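**Q** any chance you could fold what I've pasted below:
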Amino acid sequence: MSRSELAWRSLHDLGLATWFGGSVFGSVALPHESPADATGSTEAAVSEQLEGESWQRFSPVLTGAMVAHLIGGAGLIFWNRGRHKHQDGVMATTVAKSALTVAAVGLTIGAAVQGTKAERLRHQAEDGDSSLALADERERIERQMRVIGPLIPAATGVLVVLGALEGEEQRPREVALGLLTSAGKTVRDHLSDSVHGVQGSLRDALPESVQHALPGAA
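**A** Now for the predicted structure:
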């Protein structure tokens, strides 16, 4: 591995590791209290405040990790562009990984937006706003977060697996097999085109009466 690829790989892997680890920690270790539980309970209210403040402190780190991962991933795609063209299976892995990365980014941004809304509503509730509309909005956000929250570590976890698969595809044996498979497909396609071309030439050289009698003739 060259120094340039090592730099891209480091950005890619360290960013993803922070992204995945942070999402797992947030889903498992941080206190989670619904707005209904927080009502009238000092301990629950403190837990909700702790969760919000923790995510606020971690948000710049998470953003930096995502950006590092995306930059590193783009660098790896550019650096391995030759393998994408000629090694069988590499392009399919990259396409799947890119699509999942876009989904994970969308989920993370969505969670951040909903978290910001929840924090704003919490402050309104602390200021004495006990309206039914505010309570309903907090409950709606809580339901969404119960769905989005587990999906982020699941998506980034699969990205870790796909990253490992990409590493396996760079092993000399896998590179050789991929190149041979790709070359075999190319040769097979060329032979197929050549055979069809010869068949067409032979058919054209025959008299019209014979051509119409051949199978497949219109």
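
**Q** which residues of this structure score low on pLDDT?
**A** 1-2, 31-48, 126, 129-130, 171-218 (pLDDT under 70).

**Q** may I see the buried residues of stretch 154-169?
**A** 154-156, 158-159, 162-163, 166, 169 (16 or more other C-beta atoms under 10 Å). C-beta coordinates here come from the backbone N, C-alpha and C atoms, glycine included.

**Q** how near is the closest residue to Trp79 other than its chain neighbours to Leu76?
**A** Spatially, and ignoring its direct neighbours in sequence, Trp79 is nearest to Glu5 (5.2 Å; C-beta to C-beta, 6 or more residues apart in numbering). Going from Glu5 to Leu76 by C-beta to C-beta, to the nearest Å gives 7 Å.

**Q** more neighbours: which of the two?
**A** With neighbours defined as other C-beta atoms under 10 Å, Glu5 and Leu76 compare such that Leu76 has more, 19 against 14.

**Q** list the contacts for the more buried one?
**A** Residues near Leu76 by C-beta atoms under 8 Å, 6 or more residues apart in numbering: 5, 8-9, 12, 166.

**Q** helix, strand, or coil at it?
**A** helix (DSSP: H, G, I helix; E, B strand; the rest coil).

**Q** could you pull out the helices in this structure for me?
**A** Remark: helices assigned in the chain by DSSP state H are 3-28, 35-38, 42-79, 81-86, 90-126, 132-169, 172-205, 208-213.

**Q** picking that back up, dump the buried residues of stretch 154-169 to JSON lines, plus distance to Gly64.
**A** Below are the buried residues of stretch 154-169 laid out as JSON lines (distance: C-beta to C-beta, whole Å):
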{"residue": "Ala154", "distance to Gly64": "22"}
{"residue": "Ala155", "distance to Gly64": "19"}
{"residue": "Thr156", "distance to Gly64": "15"}
{"residue": "Val158", "distance to Gly64": "22"}
{"residue": "Leu159", "distance to Gly64": "17"}
{"residue": "Leu162", "distance to Gly64": "22"}
{"residue": "Gly163", "distance to Gly64": "19"}
{"residue": "Glu166", "distance to Gly64": "22"}
{"residue": "Glu169", "distance to Gly64": "28"}
